[in-house]
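Next input, structure requested:
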Amino acid sequence: GAAAVHPDNVRKLGALKVSSIGFGAYRVEDGNSSHAEAMMMAMRSGVNLIDTSPSYGNSGSERMIGDVLRELEKEGISREEIVVSTKVGYIEGNDLEMARSAPPPDYLDMGPDAWHCIHPEFIRRSVDASAERLGTPPDVVLLHSPEFFLTSREGVFKEGGSKRSREELFDAFYDRVEKAFVCLEDLITSGMVGRYYGVSSSLQGCDYSVTGRPNLFEGPSLRRLLSRAEKAAAASSSSSSSMSSFTSCSNARAEDDDTEEEFDFGATHRMRIAQIPLNLVESGPVLQSLFDPDAPPRNPGDEKGRFVTSIEVAESKGVSIVGNRPINAIPPEGVINIIKYPGNYSKIHRSESLNSNYHNPRYGV
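Okay, here's the model as predicted:
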């Protein structure tokens with residue numbers, strides 16, 4: 001089996017125990033022996049969290065993970081020891097070519113090289129394809145940058161967008177996310193997803209948005225996402241037995257002496273992970289407090305509403321934070337995006353980033 005991990009290097013992912021460092025499979029693909037050996041070495045050393053996406057390596061990342069998992073089984077490292085997290089949202093490469101012949105509902109055209117979609121029909125299709133490539137249902141599925149819906153309509157609000165129209169836009173965004181959450185709740189109950197779902201997103205409080213600019217517009221509110229997750233659990237066909245699947249998917253790294261109820265914080269939903277950019281440069285989720293009018297008072301007798309960080313909200317709601325980009329960060333002068341946006345989005349410069357004259361109409365995190 002895998003090497004034991006020191007207790008100080010173990011973290012909770014919902015009710016599961018995972019290594020504090022995971023294997024990020026963004027720049028790996030099948031057919032590259034050095035990539036496979038790097039993952040094998042990590043798993044042998046006790047790392048047991050893998051993060052991937054269908055868009056990584058034109059789906060080659062998921063195929064390589066499937067190959068590695070099968071090889072690890074031969075060495076005595078069972079599938080149940082490893083937590084596999086994948087995503088849904090981006091449509092690129094071969095997936096995009098196939099989607100052009102049968103476009104999914106409500107997709108966003110992000111340019112000649114990429115679409116984006118979180119419609120339930122597409123989610124089911126994507127998760128099924130991921131499971132086939134991985135050779136196993138994923139333990140976790142994350143909505144991959146769902147805020148691209150806001151980005152795609154952001155230009156309307158650069159010049160004089162009304163408060164009402166802004167509110168309607170954000171309501172439409174959360175409506176889309178809620179439908180996706182209902183689908184993910186159902187997929188967990190059916191066994192197509194092993195344990196949890198969540199978002200991989202530049203939430204409010206993160207320093208930069210999904211487009212690389214200061215996060216003044218597109219950042220979703222974690223508290224509002226969780227509110228929609230509660231509604232999704234109630235609307236899901238699994239609502240009458242919403243906790244049943246927690247015990248049906250065993251994992252060797254789960255706590256043996258704890259029950260799921262100790263981690264649910266009164267929630268019925270299975271949204272338990274928020275993956276966000278977090279590093280020494282992008283430290284906003286830890287250091288930047290935003291006013292949350294619904295936050296409970298810190299002291300008895302105080303009024304409701306106070307300044308909190310995204311990390312505090314996650315902790316209070318039983319959501320595990322997974323940091324991506326732990327080493328690489330978006331520099332203050334901006335980034336060159338890998339996805340070519342139409343118009344001026346292909347390159348984001350400091351002058352464009354710092355001259356934003358619009359703000360997120362929602363308070364809170």
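
can you give me the helices for this structure?
33-44, 60-74, 93-101, 120-134, 148-152, 163-190, 222-235, 244-248, 261-264, 284-287, 310-316, 350-354 (DSSP state H).

out of those, nearest to Ile327?
helix 33-44 (15.0 Å; CB to CB). Using the backbone N, CA and C atoms, a C-beta is placed for each residue, glycine as well.

if we can go back for a sec, of all the helices of the chain, which one comes closest to Leu142?
Checking these against Leu142 by CB to CB gives helix 163-190 as the closest, at 9.4 Å.

still on that earlier bit, would you turn the helices of the chain into JSON lines with distance to Gln204 and mean neighbour count?
Output for these, formatted as JSON lines (distance: least, CB to CB, whole Å; neighbours: other CB atoms under 10 Å):
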{"stretch": "helix 33-44", "distance to Gln204": "32", "mean neighbour count": "15"}
{"stretch": "helix 60-74", "distance to Gln204": "29", "mean neighbour count": "20"}
{"stretch": "helix 93-101", "distance to Gln204": "30", "mean neighbour count": "13"}
{"stretch": "helix 120-134", "distance to Gln204": "24", "mean neighbour count": "20"}
{"stretch": "helix 148-152", "distance to Gln204": "12", "mean neighbour count": "21"}
{"stretch": "helix 163-190", "distance to Gln204": "11", "mean neighbour count": "19"}
{"stretch": "helix 222-235", "distance to Gln204": "7", "mean neighbour count": "20"}
{"stretch": "helix 244-248", "distance to Gln204": "29", "mean neighbour count": "14"}
{"stretch": "helix 261-264", "distance to Gln204": "24", "mean neighbour count": "14"}
{"stretch": "helix 284-287", "distance to Gln204": "9", "mean neighbour count": "19"}
{"stretch": "helix 310-316", "distance to Gln204": "7", "mean neighbour count": "21"}
{"stretch": "helix 350-354", "distance to Gln204": "17", "mean neighbour count": "13"}
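
okay, these in CSV with mean pLDDT and distance to Val10 next?
Listed next are those as CSV, based on pLDDT from 0 to 100; distance: least, CB to CB, whole Å:
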stretch, mean pLDDT, distance to Val10
helix 33-44, 97, 15
helix 60-74, 97, 19
helix 93-101, 94, 35
helix 120-134, 98, 24
helix 148-152, 88, 34
helix 163-190, 92, 24
helix 222-235, 95, 24
helix 244-248, 38, 20
helix 261-264, 49, 15
helix 284-287, 90, 20
helix 310-316, 90, 17
helix 350-354, 33, 38
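
Looking at those, which is nearest to Ala25?
It's helix 60-74; of those, that one is closest to Ala25 (CB to CB) at 4.5 Å.

and the angle for that closest one with helix 120-134?
50 degrees (axes from the mean of the first three to the mean of the last three CA atoms, to 10 degrees).

and helix 60-74, what other elements does it pack with?
Helices and strands touching helix 60-74, by 3 or more CB pairs under 8 Å, 6 or more residues apart in numbering; DSSP states H and E, are helix 33-44, strand 83-88, helix 120-134.

got the ones you listed as a markdown table, with distance to Glu73 columns?
Shown next, in a markdown table, are the helices and strands packed on helix 60-74 (distance: least, CB to CB, whole Å):
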| stretch | distance to Glu73 |
| --- | --- |
| helix 33-44 | 11 |
| strand 83-88 | 13 |
| helix 120-134 | 13 |
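
Which one of the ones you listed lies nearest to Leu290?
Across those, closest to Leu290 is strand 83-88 (CB to CB), at 25.6 Å.

hmm, back to that, can I get the helices of the chain in TSV including distance to Ser19?
Shown next, in TSV, are the helices of the chain (distance: least, CB to CB, whole Å):
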stretch	distance to Ser19
helix 33-44	9
helix 60-74	15
helix 93-101	30
helix 120-134	19
helix 148-152	30
helix 163-190	23
helix 222-235	24
helix 244-248	21
helix 261-264	18
helix 284-287	21
helix 310-316	19
helix 350-354	35
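
between those helices, which one is nearest to Ile273?
helix 310-316 (9.4 Å).

which strands and helices sit next to that closest one?
Using 3+ CB pairs under 8 Å, 6+ apart, helix 310-316 sits against helix 222-235, strand 271-277, helix 284-287, strand 320-324.

elements contacting the last one?
On a contact count with 3+ CB pairs under 8 Å, 6+ apart, strand 320-324 meets strand 10-13, strand 271-277, helix 310-316.

mind checking which of these is nearest Ser152?
strand 271-277 (20.4 Å).

now that closest one against strand 320-324, angle please.
Using the same axes, to 10 degrees: strand 271-277 against strand 320-324 is 30 degrees.

Rounded mean pLDDT for strand 271-277, please.
Summarised as a single mean, pLDDT over strand 271-277 is 96.

beta partners for the spatially most central residue of the chain?
Closest to where the C-alpha atoms of the chain average out (CA atoms, centre = their mean) is Ser200, at 2.2 Å. Beta-bridge partners recorded for Ser200 (DSSP bridges): His144, Gln275.

Okay, it and Glu312: tell me how far apart.
In this view, Ser200 and Glu312 are 20 Å apart by CB to CB, to the nearest Å.

can you tell which of the helices and strands packed on helix 60-74 is closest to Val68?
helix 33-44 (4.9 Å).

ok, and what's touching that closest one?
The contact list for helix 33-44, computed with CB atoms under 8 Å, 6 or more residues apart in numbering, reads 2-3, 23, 25, 28-30, 50, 64-65, 67-68, 71-72, 75, 77, 82.
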